[in-house]
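Student: can't give you the sequence, but here's the structure:
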């Protein structure tokens, strides 16, 4: 595990440059997650005449709840795969790609719910790879004796989460207004794509963190 050099440590609000990479990736991943959540139940309950799935409101809300619970449960196998097989860096990359394809599947404007179900399953699987491992990588950017700086780094990292969560419902909700559901889902896919671009461009600043 390699830590950032002193010059690098001062390049992102006094923290390793790798934090900027993880900050941006997680911000856009949260944008895609909260953007989807903002319209998912409404989309499921909307009439097929306006492009929805026509479910009862109770059923739609229950399914969104199950979806949210599974997102957290899959963190366990996702962490195991990173530790034993992929390494955290590859797990985050593959997780982001799977999430993006999940949103793309949901953005396909067809009347059947098959692509919606496929999209949700892909997002669940991808989040299990990305979410726990990107947080672990933040901690590994710092030397073991730098507890105070690590805590400050996590606070900055969580700021990215909050920014994505704040912006997503506004942007995606506006795009999906007027029953343009798949445009909203497409915006979530674009958000995850931007996060992946940030991650790939900035991966050199991680300096080996998550490779093992």
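Tutor: The structure has been received and is ready for your questions. Since the model is a prediction, treat every value here as computed from it, not as a measurement. Numbering: from 1, shown residues only.
Student: Helices of the chain, residue ranges please.
Tutor: 6-9, 17-45, 57-73, 75-81, 88-107, 114-140, 147-176, 181-201 (DSSP state H).
Student: Touching, residue 34 and residue 173? I think so.
Tutor: No: in this structure, residue 34 is not within contact of residue 173 by Cβ atoms under 8 Å, at 10.3 Å. C-beta: built from backbone N, CA, C; applies to glycine.
Student: if you count what's nearby, which of the two comes out ahead?
Tutor: residue 34 (19 against 15; other Cβ atoms under 10 Å).
Student: Now do the same contact list for the nearest residue to the more buried one once chain neighbours are set aside.
Tutor: Nearest residue to residue 34, sequence neighbours excluded (Cβ to Cβ, 6 or more residues apart in numbering): residue 168, at 3.9 Å. Contacts were defined as Cβ atoms under 8 Å, 6 or more residues apart in numbering; by that measure residue 168 touches 30, 31, 32, 33, 34, 35, 38, 188, 191.
Student: pLDDT below threshold where in this structure?
Tutor: 1-13, 111, 146, 209-210 (pLDDT under 70).
Student: so who does the residue at minimal distance from the centre of it touch?
Tutor: Geometric centre of the chain, nearest residue: residue 29, 2.7 Å, by Cα atoms, centre = their mean. Residues near residue 29 by Cβ under 8 Å, 6+ apart: 96, 99, 127, 130, 131, 134, 164, 191, 192, 195.
Student: Please apply the same query to residue 93.
Tutor: By Cβ under 8 Å, 6+ apart, the contact set of residue 93 is 196, 199, 200.
Student: Taking the residues you listed, please make a ChimeraX selection of just the buried ones.
Tutor: Buried subset of the contacts of residue 93, written as a ChimeraX selection, criterion 16 or more other Cβ atoms under 10 Å:
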select :196,199
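Student: Can you tell me which of the contacts of residue 93 is nearest residue 143?
Tutor: residue 199 (23.1 Å; Cβ to Cβ).
Student: Can you tell me how far the closest residue to that closest one other than its chain neighbours is from residue 149?
Tutor: Leaving aside its sequence neighbours, residue 199 sits nearest to residue 25 (Cβ to Cβ, 6+ apart; 4.3 Å). Residue 25 sits 20 Å away from residue 149, going by Cβ to Cβ, to the nearest Å.
Student: For the two, work out which one has more neighbours and name it.
Tutor: Counted by other Cβ under 10 Å, residue 25 and residue 149 do not tie: residue 25 has more neighbours, with 27 against 16.
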